[in-house]
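*Asks:* Provided below for reference: sequence and predicted model.
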Amino acid sequence: QVQLVESGGGLVQAGGSLRLSCAASGRTYAMGWFRQAPGKEREFVAAISWSAITNYADSVKGRFTISRDNAKNTVYLQMSSLKPEDTAVYYCAAGRATYSSPPARSMAYDYWGQGTQVTVSS
């Protein structure tokens, strides 16, 4: 069983930046970030394969950057130009399977972190 530990959430003003980190206790392949706002379903944000192929939701393209350090089993999400609608609990996810393109569907991931709150004030 792989454990995922997220960090880096917090409160930021609109237009600001935050960097989320997620450390895995073991090796995983696809890693991703999802988010869930109050009253809404969990949605895909970004994902990255072992070989650093990336996939982004349209709503964050050009503002968020996902990266990973395979030696540290860690994935990062650099968030810039934040908007109030980015406010949500952000979850890290990791999977055992390999894909040609990191998947956006949550069912493709086997492990989940407990989430970190990101709040963007207007």
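*Replies:* Cool, got the structure. Residues are numbered from 1 along each chain as shown.
*Asks:* buried residues of stretch 98-115, list them for me.
*Replies:* 102-104, 108-109, 111-113, 115 (16 or more other Cβ atoms under 10 Å). For glycine as for every other residue, the C-beta is placed from the backbone atoms N, C-alpha and C.
*Asks:* return the subset of those residues lying in strands.
*Replies:* Assigned to strands by DSSP state E, the following of the buried residues of stretch 98-115 qualify: 111-112.
*Asks:* which among the buried residues of stretch 98-115 gets closest to Ser17?
*Replies:* Using Cβ to Cβ, Gly115 comes nearest to Ser17 of the buried residues of stretch 98-115, at 19.7 Å.
*Asks:* for Phe64, see how far away the nearest residue to that closest one once chain neighbours are set aside is.
*Replies:* In space, and not counting its chain neighbours, Gly115 is closest to Val89: 4.2 Å by Cβ to Cβ, 6 or more residues apart in numbering. In this structure, Val89 and Phe64 are 16 Å apart, going by Cβ to Cβ, to the nearest Å.
*Asks:* what do you get for Arg35?
*Replies:* From Arg35 to Phe64 the distance is 10 Å (Cβ to Cβ).
*Asks:* so which residue is smack in the middle of this structure?
*Replies:* Trp33 (2.1 Å; Cα atoms, centre = their mean).
*Asks:* quick check, Thr65 in a strand?
*Replies:* Yes: assessed by DSSP: H, G, I helix; E, B strand; the rest coil, Thr65 belongs to a strand.
*Asks:* and the strands in the chain, which stretches?
*Replies:* Under DSSP E, the chain gives strands at 4-7, 10-13, 18-24, 31-36, 43-48, 54-56, 64-69, 74-79, 88-94, 111-112, 116-121.
*Asks:* could I get those in a markdown table, plus columns for mean pLDDT?
*Replies:* Shown next, in a markdown table, are these (pLDDT from 0 to 100):
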| stretch | mean pLDDT |
| --- | --- |
| strand 4-7 | 96 |
| strand 10-13 | 98 |
| strand 18-24 | 98 |
| strand 31-36 | 97 |
| strand 43-48 | 98 |
| strand 54-56 | 97 |
| strand 64-69 | 97 |
| strand 74-79 | 98 |
| strand 88-94 | 98 |
| strand 111-112 | 96 |
| strand 116-121 | 98 |
